[in-house]
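Trainee: sequence and predicted model, in that order:
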Amino acid sequence: MLEKIWETLLGYLKGKLEGSPYRKFLEPVIAFLALFLAVAATAYGYIEWQYHLALPIPLFLGSYLFAQIGVCFAAIALLIYSFGGPPPSPQHVEAAKHLRWPERLWRRISIKRLIVMALIVTGAVAALAHLSPVKAGPIRVRFLNDPGAALDKFALVYLLYELNRMQSSWQFEIDFDTFDPAELRSAERAKCDDQDLLCFATLAAGGRPFIGITTATLGDDAFWKNSNFASVVSFSGFDSARAPSAYEYLAYTLVVQSMLIHLNTACGGPPPTYFAESSVASGDLFQFSPRRGEMRAQVMAGHLTQKDQALLLKCFGIEYMNSCSQLISLDWMRSKRVADNLRRAFGIDLAGAPVTSASPN
């Protein structure tokens with residue numbers, strides 16, 4: 001579509017330039033812009049081919065990839081301009097005839113131009129590095145208390161391994177030892193109230209991205225709490241008696257909390273309008289849930305809005321955004337292979353209650 005629009009515009013401009021005194025100057029400029037658009041269209045097509053993802057045009061135009069292409073072409077234009085200049089006089093041409101071409105090129109460039117060109121290249125490299133997406137780090141997951149019969153821990157471990165298997169943008173690391181406050185030093189325990197699970201999670205994290213899972217309620221924060229690199233997720237009220245099950249809820253929430261932690265630690269956090277309390281919701285990923293039952297609907301219809309896509313794309317790149325979009329939908333979890341593995345290995349049927357006794361923890 002962009003190419004067709006440009007071809008139409010190019011034809012119009014060529015018609016207008018016929019006989020114009022500015023034609024000699026404008027034609028190379030138009031050709032340069034045509035090349036820029038062709039490269040941008042190729043990059044857009046590559047994204048669609050590589051990731052099976054058709055980005056909305058406004059989202060692509062606001063992406064880091066389009067900005068990087070723009071930086072490269074701007075640097076090339078500046079280099080061409082700095083390398084140019086007034087044509088040499090006939091006397092200079094005649095005097096340089098006996099010189100070899102490297103010597104003639106050196107005389108043409110001059111030290112001053114070399115410095116300017118080096119500054120342009122340095123600035124372009126710095127701009128490209130600044131625009132490059134951030135690499136997301138691993139997330140450690142740990143139970144803050146023993147879930148008992150409410151959840152098969154190793155069934156959840158299997159789902160985390162499936163999440164690791166599906167994408168390489170980041171990995172979940174599982175700490176199999178249930179958290180015990182006694183493992184903290186007395187000075188650390190004194191910082192936390194007995195019921196402040198987020199405080200315990202922050203200490204257990206040891207400064208690394210961390211998600212703690214608990215069966216306890218979190219008060220007004222019914223589903224999760226977050227503080228920079230640490231989150232606590234509660235699955236109180238979610239079980240296997242009806243959809244979505246505790247496993248679906250946790251898979252969904254662990255992905256959401258991973259994105260939130262990554263945004264907090266690498267990109268300054270999400271915009272302040274996210275998670276703002278409201279009685280109105282539309283199922284956005286980073287939206288406040290006005291009713292407890294709304295979270296069930298949100299889990300079952302998990303998706304990234306264009307606003308969410310733009311946020312993740314700008315910070316972490318196309319692969320990360322595409323992975324999150326696939327993971328958050330939970331289609332992978334409801335696939336026949338994963339559902340069969342849950343049923344055969346752990347006696348868990350996502351469509352209803354466990355079909356056999358859960359495997360021992």
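Mentor: Here it is on my side, so go on. Fair warning: this is a prediction, and the values are worked out from it, not measured in the lab.
Trainee: make it CA atoms for all contacts and neighbour counts henceforth
Mentor: Will do.
Trainee: helices of the stretch 51-200 of the chain, residue ranges please.
Mentor: 57-61, 64-83, 90-95, 101-131, 153-166, 186-189, 197-205 (DSSP state H, counting those that start in this stretch).
Trainee: no no, the stretch 201-350 of the chain
Mentor: Under DSSP H, counting those that start in this stretch, the stretch 201-350 of the chain gives helices at 246-266, 292-300, 306-316, 318-329, 336-346.
Trainee: which of the ones you listed sits closest to residue 227?
Mentor: Of all the helices of the stretch 201-350 of the chain, it is helix 246-266 that lies closest to residue 227, at 8.4 Å by CA to CA.
Trainee: now the angle from that closest one to helix 153-166?
Mentor: Note on geometry: by axes from the mean of the first three to the mean of the last three CA atoms, to 10 degrees, helix 246-266 and helix 153-166 are set 50 degrees apart in direction.
Trainee: what is helix 246-266 packed up against?
Mentor: helix 153-166, strand 230-234, helix 292-300, helix 318-329 (3 or more CA pairs under 8 Å, 6 or more residues apart in numbering; DSSP states H and E).
Trainee: one step back: and among the helices of the stretch 51-200 of the chain, the most buried is which?
Mentor: Across the helices of the stretch 51-200 of the chain, the average number of neighbours (mean count of other CA atoms under 10 Å) peaks for helix 197-205, which reaches a mean of 22.
Trainee: reformat the helices and strands packed on helix 246-266 as CSV; add distance to residue 184 and mean pLDDT.
Mentor: Output for those, formatted as CSV (distance: least, CA to CA, whole Å; pLDDT from 0 to 100):
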stretch, distance to residue 184, mean pLDDT
helix 153-166, 23, 95
strand 230-234, 16, 93
helix 292-300, 33, 80
helix 318-329, 34, 92
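Trainee: in CSV: those, plus distance to residue 50.
Mentor: Compiled in CSV, these are given as follows (distance: least, CA to CA, whole Å):
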stretch, distance to residue 50
helix 153-166, 16
strand 230-234, 33
helix 292-300, 28
helix 318-329, 10
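Trainee: any stretches of the protein with poor pLDDT?
Mentor: 1-27, 83-110, 194, 220-221, 239-242, 276-279, 283, 290-292, 351-361 (pLDDT under 70).
Trainee: now with 50, please.
Mentor: 353-361 (pLDDT under 50).
Trainee: of the helices of the stretch 51-200 of the chain, which is nearest residue 308?
Mentor: Using CA to CA, the helices of the stretch 51-200 of the chain put helix 57-61 closest to residue 308, at 10.7 Å.
Trainee: roughly how far is that closest one from the heart of the chain?
Mentor: When C-alpha coordinates are averaged (CA atoms, centre = their mean, to the nearest Å), helix 57-61 and its chain have centres 15 Å apart.
Trainee: how close does residue 155 sit to residue 342?
Mentor: 7 Å (CA to CA, to the nearest Å).
Trainee: nope, residue 52 is what I meant
Mentor: In terms of CA to CA, residue 52 sits 28 Å off from residue 342.
Trainee: rewinding a little: which among the helices and strands packed on helix 246-266 is found nearest to residue 249?
Mentor: helix 292-300 (6.3 Å).
Trainee: okay, buried residues for the closest one please.
Mentor: Neighbour counts over helix 292-300 (16 or more other CA atoms under 10 Å) mark 295-296, 298-300 as buried.
Trainee: looking at the residues you listed, which is nearest residue 140?
Mentor: Among these, residue 299 lies closest to residue 140 (CA to CA), at 22.0 Å.
Trainee: just to revisit the earlier point, out of the helices and strands packed on helix 246-266, the one nearest residue 58 is which?
Mentor: helix 318-329 (14.6 Å).
Trainee: how far off centre is that closest one?
Mentor: Chain-centre distance of helix 318-329: 8 Å, with CA atoms, centre = their mean.
Trainee: do the same with stretch 171-182
Mentor: With CA atoms, centre = their mean, you get 26 Å for stretch 171-182.
Trainee: repeat for stretch 215-223
Mentor: Worked out by CA atoms, centre = their mean, stretch 215-223 lies 28 Å from the chain centre.
Trainee: please apply the same query to stretch 316-336.
Mentor: 11 Å.
Trainee: over to stretch 186-194?
Mentor: Computed by CA atoms, centre = their mean, the chain-centroid distance of stretch 186-194 equals 35 Å.
Trainee: in CSV, could you pull the C-alpha coordinates for stretch 136-151?
Mentor: C-alpha atoms of stretch 136-151 as CSV (Å, rounded to 0.1, in the frame of the first residue of the first chain):
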residue,chain,number,x,y,z
ALA,A,136,14.5,-8.8,29.0
GLY,A,137,16.0,-10.8,31.9
PRO,A,138,15.0,-14.1,33.5
ILE,A,139,12.2,-14.2,36.2
ARG,A,140,12.5,-16.4,39.3
VAL,A,141,9.3,-18.0,40.5
ARG,A,142,8.8,-19.4,44.0
PHE,A,143,6.0,-20.5,46.3
LEU,A,144,5.6,-18.3,49.4
ASN,A,145,3.6,-21.0,51.1
ASP,A,146,2.7,-24.6,50.5
PRO,A,147,-0.4,-24.8,48.2
GLY,A,148,-1.3,-28.2,49.5
ALA,A,149,-4.2,-29.8,47.7
ALA,A,150,-5.2,-26.5,46.1
LEU,A,151,-2.5,-26.9,43.3
